[in-house]
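Chemist: show me how the following folds:
(one chain, ligands or ions: 1)
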Amino acid sequence: MPRCACTHASRRVVSATAGPLYVSGRIAGPVTLRVNGRVVVVDRLTYANNPNTPDGAPCDDRLGLIATGDILVVSGLTSRARVVYASKDRVTDTAITYEELADPKWKGKVCSRSGQHTYNIALVASMIAHHGAEKAEAWLKGLKENLARKPAGGDRDQVKAIFAGECDLAIGNTYYMGLMTTNEKEPEQKEWAAAVKVLFPNAADRGTHVNLSGAALMKSAPDKESGLALIAFLSSAEAQGEYAALNHEYPVKEGVAPSELVQSWGELKADPIALEDIAKLRRQASELVDKVGFDNGPGT
Ligand SMILES: [Fe+2]
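Modeler: Reported below is the predicted structural model:
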């Protein structure tokens, strides 16, 4: 049984990288995919706690690990860019790099969610892949010292903090900006998003770090045909267009355009690094986040 002590059973869209499959959050029972309001049960999945995740980490931040041998199909569905959110009023820069976020000129100006969150672990892993462990550590220390506050909340909370003047820069996924900008249910989020511009880091060199959402079908699936049909549908131009229009993610299918809002932020040049290379470095990235005490906040 999993060590995770949380009692809720989250049912989520599976986030896949190539190689071993990591599932975001605790999965209990059938995995549910939500597509345009429709809910489709894919399969029962087995999972284990990811040994990379410390025991004290919030349940939702833990990663299940499913042996590749059990997986019949893994399909990437959308990609999201991990961009820099910047204050429209206080940041005049029109370009930035991840490396520059550690520049002392931004001391006290940067907000972040937990370094142990899966999105940030992947980004740190990409920094290790590109620069080596030593330089990545120096970068992460510098970034930590530039934080305005102890890491907390999700990506949207960082946008809110910029709106509130607590910080000028943050790292977050593109689709949250889309979801906030178009949020009719919580219109205050529109205001937060309106205070922020999107900068695509490293656009002038290797490109911006992207993460991938996906679907997987297990070998043990009782109804493989339906599972495959679902994955085929989710990969179709129709469903890919819905991911773009409704969730402001980047479709993986060629020929399907991102939403107009996403396009208005500019062209995404994605870091071409293989996701396997990032997946391999996740443990090291997680250890590095602990080593520099990133989640303790600046001055610790
Ligand atoms: Fe997310």
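Chemist: ranges for the helices of the stretch 151-300 of the chain?
Modeler: 155-163, 174-181, 188-194, 224-234, 237-247, 260-264, 275-280, 282-291 (DSSP state H, counting those that start in this stretch).
Chemist: distance of the nearest residue to residue 182 once chain neighbours are set aside relative to residue 174?
Modeler: Spatial nearest neighbour of residue 182, excluding adjacent residues (Cβ to Cβ, 6 or more residues apart in numbering): residue 261 at 7.1 Å. Glycine gets a C-beta too; all of them are placed from N, C-alpha and C. Separation of residue 261 from residue 174 (Cβ to Cβ, to the nearest Å) stands at 10 Å.
Chemist: pull up the overlap in contacts between those two.
Modeler: residue 248 (Cβ atoms under 8 Å, 6 or more residues apart in numbering).
Chemist: and residue 78, what helix or strand is that in?
Modeler: Using DSSP states H and E, residue 78 sits in strand 71-87.
Chemist: in that strand, what's buried?
Modeler: By 16 or more other Cβ atoms under 10 Å, the buried positions in strand 71-87 come out as 71, 73-87.
Chemist: return the item of those residues having minimum pLDDT.
Modeler: In terms of pLDDT, residue 71 ranks lowest among the buried residues of strand 71-87, with 59.
Chemist: in this structure residue 255 contacts residue 244, no?
Modeler: No: look at residue 255 against residue 244 with Cβ atoms under 8 Å: they stay out of range, at 11.6 Å.
Chemist: the two: which is more packed in?
Modeler: residue 244 (24 against 7; other Cβ atoms under 10 Å).
Chemist: just checking, the more buried one touches residue 251?
Modeler: Yes: Residue 244 is within contact range of residue 251, at 5.1 Å (criterion: Cβ under 8 Å).
Chemist: common neighbours of the two, please.
Modeler: Joint contacts of residue 244 and residue 251 (Cβ under 8 Å, 6+ apart) are 257, 258.
Chemist: which stretches of the stretch 51-200 of the chain have low pLDDT?
Modeler: 51-74 (pLDDT under 70).
Chemist: what ranges do the strands span in it?
Modeler: With DSSP state E, counting those that start in this stretch as the criterion, the stretch 51-200 of the chain has strands at 63-66, 71-87, 110-111, 169-173, 196-199.
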